[in-house]
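>>> here's my sequence, what's the structure:
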Amino acid sequence: MEAERRIGVAVDFSPCSKAALKWAIDNVARKGDHLILIVVRPGGDLYEHGEMQLWAVSGSPFIPLPEFCDAHTMNKYEVQPDAETVDIVTTAASQKEITVLVKIYWGDAREKIIEAVDNIPLSSLVMGNRGLGKLQRVIMGSVSNYVVNNAHCPVTVVKT
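Numbering: from 1, shown residues only. You can find the predicted model right below:
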């Protein structure tokens, strides 16, 4: 019997992360899998109230799909998922019979995605690529490049 698979998708609600989410659902997810959306918010002392202070170090608890779809609940985490992302995961959950969960982290995206890979732990990770040019990548760094080189699971980078 095969072990439970946890497919992580790094999501920031941008077009490239939605493309990665769709790709993961179409090509990786199968019945019985857990699809875990990993959302990383900026860190620092930006958050003085609410859920962020409780979960700043370890990330939020797993948020089930009905709560992810609830704007009031997501406002507590200062995350506003767009309607398209909610529709994509809601449809996938019912059609593919997968469990969708959300985990929110605060801090540097590179470090927190690696933390998620190790702590959840993930069977594989899918993420988008913003398509920075070589100069921008050198100056700003590439989250996807860092994750590919440091993650302890297979990583797929979906280019838009």
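>>> isn't there a helix covering residue 7?
No. Counting by DSSP: H, G, I helix; E, B strand; the rest coil, one finds residue 7 to be strand, located in no helix.
>>> helix, strand or coil for residue 12?
Assigned with three-state DSSP, residue 12 falls in the coil class.
>>> what are the buried residues along the helix or strand where residue 110 lies?
For residue 110, the host element (DSSP states H and E) is helix 109-119. Neighbour-count burial for helix 109-119, with 16 or more other C-beta atoms under 10 Å as criterion, is recorded at 109, 110, 111, 112, 113, 114, 115, 116, 117. From N, CA and C alone the C-beta is placed, and that goes for glycine too.
>>> contacting residues around that helix?
Helix 109-119 has contacts (C-beta atoms under 8 Å, 6 or more residues apart in numbering) with 8, 10, 12, 36, 38, 40, 58-59, 103, 105-106, 122, 125, 127, 141, 143, 146-147, 150-153.
>>> quick revisit: residue 68: which of the buried residues of helix 109-119 is nearest?
The nearest member of those to residue 68, counting by C-beta to C-beta, is residue 116 at 16.0 Å.
>>> relative to residue 65, how far out is that closest one?
From residue 116 over to residue 65 the distance is 18 Å, taken as C-beta to C-beta, to the nearest Å.
>>> then residue 88?
Counting by C-beta to C-beta, the gap from residue 88 to residue 65 is 11 Å.
>>> fine by me, thanks again.
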